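> make a model of this:
(2 chains)
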Amino acid sequence: MSAVIAQGAAWSRVAAVVRKEVRDAVRDRRTLLVSLLTAAAAGPIFLMLIFNLIARQADRARELQLPVVGIQHAPALAAFLERNQATLSPAPVDYEAKLRAGDLDVVLVVDDQFAGDVAQGKQGTVRLVSDRSRDRAQASIRQAENLLRAYNRQWGTQRLLLRGVAPYVGNPLNVEDVDLATPQQSGAIILFLVAFYALLASIMGGLAAALDTTAGERERQSLEPLLMTPARPMELVVGKWVAVVLFNALVVVITLAGFYLTLTFAPLPPVGAPFLFSAREFGRFLVVLLPMMLLVPSVLLYVGSRGRTFKEAQANVSVLLFVLSLVPAVQLFLQQKEPDWLVLVPVSGQYTLLKLALRGETIPLSQLALSYVVPALLTVVALAAVARLLSREANFASR
Amino acid sequence: MIRVEGLVKSFGRKREVQAVRDVSFVAPDGQITGLLGPNGAGKTTLLRMLATLMIPDAGSASIGGLDVVRDRFAVRERIGVLSDARGLYPRLTARENIRYYGELHGLSGAALDGRIDALVTTLGLTALADRRTQGFSQGEKMKVAIARALVHDPSTVLLDEPTNGLDIMSVRALREQLRGLRGAGKCLLFSSHVMQEVAALCDRIVILGAGRVVAEGTAQELIAQSGAASLEDAFVTLLGSGEGLAA
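Numbering: from 1, shown residues only, chains lettered A, B, ... in the order given. Alright, predicted model coming up:
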């Protein structure tokens, strides 16, 4: 009976801490507004940028602008290119400099000897001049190459036909390109960015509140009187943690809502969205990110409690955030098939599952359950560690 | 009643800093006991042990018969502490600051509201009660901190240098408050390095020097014991040197 009463008292103290921390954080209007507005604006701004980028690349590829030099030596080639939607224009004299500067994507140079060589039955030479280190130019270069290859094939086929030879004699290998990527699966980099951003929201969401309630509490000198109340350290920690988790969840929900609303209602350029983000993905994201929303606040509380001052805690936290945000980036650049155990690793596991959700694939329940295990354990460990830090005498002796 | 027996506390990796060497005294109910000593005499460390924040290396202490180590959470329910660190939450109002501590002490509802109202009135905080404590003066902050420490009507009150940084009006208001608590039969322990403070308020005085009790008794007893003309002279004589008397 008395144990029941004691437990009731413990929970009412936890509730008192949660109420106080939430009120305190909400009163910090400026910090609150900044974090919520950033979360709300992130999705729209970010998606506009990406979509415009895709749209522009698609435009470039569709209407190839091809400056040419000496095209008068190859009128049949010019006709072929124009039939295939390439816009030919005389290249400026300093085209090499312009290519290097990125003003031009690719230039076609027809050799002076072209007509003569072809008339003598030799190979005619054309040069495709470009700077391949430029990402933006890749689509144009590839398209120009494809057109020239197509022209080469067509011309050769015609010659063979004239000599009464079947066209495939000179082309024994028939390569068929079968791309298994659905429209949703292409655009890996965009998948990465969206998943990464959602993950980042779950990491950053509770940052300000977590530091304020730990390092801030100590710096304001309100920690010592707090520890002289009957509230047990673990009750204080759990109360603070719940408050930070609430803020973190709020930021994540707002961020995801930004993605969802933008993709659903905003006039984005029609690029054939490379991924899905409907209400279903919204829900899945929340389910996948839940362990992060619980774990990260507990770790932030721990780091915050270790700092003697707000500033020190901030410095330590920025190291933590850097490491956490590095994980998905490393995963992207490794470009390997991910091992199965990766789902157990916090951050990596969530990132992997978020990508699955974006690709429109089902997330196996077993995988989801596995991705919860380590974060759940770490959360408990971190909270216990904070409670231990709070009950240390060194908190006071150092002053 | 506070009973302290042979308390010892040292700090540092090799326990080389001996803050409290051997302190014993008794502070009875219905009296204000002054803990007087120069800076670094071990007053704050002693109070932190009594407030259950630090565990003594040796010796024992009890408050109302409860051991400060073994029964520390029960002790916390019975003590009100105005510690050296008395930070408030600047974004909460005075009333909310006090209420938070009341809730942590298990109070709620009408009982808590009534208690807060009573404290706000006696401490003269009525006009400030619903303002955020952000811009409060030292004296105003101190009053809120006192209300916070007393919200659960503790039987024992520990005050660590409560008059630090206060103007004379606030000091007088504080004295009135403490006398009122004494009248209600509470046990008060008041630490200070300012002798006039202790002389003006305390029924009994315990003089601490370098972590030990140097002398104890009423002001008259201390003067008689040292053969000095005033309490100030008695203080210096009993400490055996003119050390650390800077006010």
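> buried set for the longest helix along chain B?
Criterion DSSP state H: the longest helix present in chain B is helix B:168-183. The neighbour-count criterion (16 or more other CB atoms under 10 Å in any protein chain shown) identifies B:Ser170, B:Val171, B:Ala173, B:Leu174, B:Arg175, B:Gln177, B:Leu178, B:Leu181, B:Arg182 as the buried residues of helix B:168-183. Where C-beta positions appear, they are placed from N, C-alpha and C, glycine not excepted.
> again, but for stretch A:338-345
A:Val343, A:Val345.
> what comes into contact with that stretch?
A:Val327, A:Gln331, A:Ser348, A:Gly349, A:Thr352, A:Leu353, A:Gln367, A:Leu370, A:Ser371, A:Val373, A:Val374 (CB atoms under 8 Å, 6 or more residues apart in numbering or on different chains).
> most widely separated two among the buried residues of helix B:168-183?
The span of the buried residues of helix B:168-183, defined through CB to CB, is set by B:Ser170 and B:Arg182 at 18.8 Å.
> which helix or which strand is home to the spatially most central residue of chain B?
A centroid search over chain B (CA atoms, centre = their mean) returns B:Leu159, at 1.4 Å, as the residue closest to the centre. Element membership for B:Leu159, per DSSP states H and E: strand B:156-160.
> what residues does that strand touch?
B:1-2, B:43-44, B:47, B:50-51, B:63-64, B:78-84, B:149-150, B:178, B:181, B:186-191.
> of the residues you listed, keep whichever come out buried.
Buried among the contacts of strand B:156-160 (16+ other CB under 10 Å): B:2, B:43-44, B:47, B:50-51, B:63-64, B:78-84, B:149-150, B:178, B:181, B:186-191.
> in helices only, show me those residues.
Those of the buried ones among the contacts of strand B:156-160 lying in helices (DSSP H): B:Lys43, B:Thr44, B:Leu47, B:Leu50, B:Arg78, B:Ala149, B:Leu150, B:Leu178, B:Leu181.
> any stretches of chain A with poor pLDDT?
The model of chain A has pLDDT under 70 over residues A:1-2, A:57-62, A:176-191, A:268-276, A:335-336, A:394-399.
> domain ranges for it?
A:2-54+A:184-397, A:64-169 (automatic domain parsing).
> of those, which stretch is the most buried?
domain A:2-54+A:184-397 (a mean of 18; mean count of other CB atoms under 10 Å in any protein chain shown).
> can you give me the strands in chain B?
For chain B, the strands defined by DSSP state E cover B:2-11, B:17-27, B:31-36, B:58-63, B:66-67, B:79-82, B:156-160, B:187-192, B:204-209, B:212-217.
> mean pLDDT added to those strands, as a markdown table?
Putting the strands of chain B into a markdown table (pLDDT from 0 to 100) gives the following:
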| stretch | mean pLDDT |
| --- | --- |
| strand B:2-11 | 94 |
| strand B:17-27 | 92 |
| strand B:31-36 | 94 |
| strand B:58-63 | 95 |
| strand B:66-67 | 96 |
| strand B:79-82 | 95 |
| strand B:156-160 | 95 |
| strand B:187-192 | 94 |
| strand B:204-209 | 92 |
| strand B:212-217 | 90 |
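> turn the ones you listed into JSON lines, including distance to A:Val69.
Listed next are the strands of chain B as JSON lines, based on distance: least, CB to CB, whole Å:
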{"stretch": "strand B:2-11", "distance to A:Val69": "84"}
{"stretch": "strand B:17-27", "distance to A:Val69": "85"}
{"stretch": "strand B:31-36", "distance to A:Val69": "97"}
{"stretch": "strand B:58-63", "distance to A:Val69": "96"}
{"stretch": "strand B:66-67", "distance to A:Val69": "97"}
{"stretch": "strand B:79-82", "distance to A:Val69": "88"}
{"stretch": "strand B:156-160", "distance to A:Val69": "88"}
{"stretch": "strand B:187-192", "distance to A:Val69": "93"}
{"stretch": "strand B:204-209", "distance to A:Val69": "97"}
{"stretch": "strand B:212-217", "distance to A:Val69": "99"}
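> ok, which of these comes nearest A:Leu108?
Using CB to CB, the nearest of the strands of chain B to A:Leu108 is strand B:2-11, at 81.3 Å.
> interface residues of chain B facing chain A?
Contact residues, chain B versus chain A (CB under 8 Å from any CB of the partner chain): B:11, B:48, B:51-55, B:73, B:76-77, B:79, B:81, B:83-92, B:96, B:100-101, B:103-106, B:108, B:132, B:145, B:148-149.
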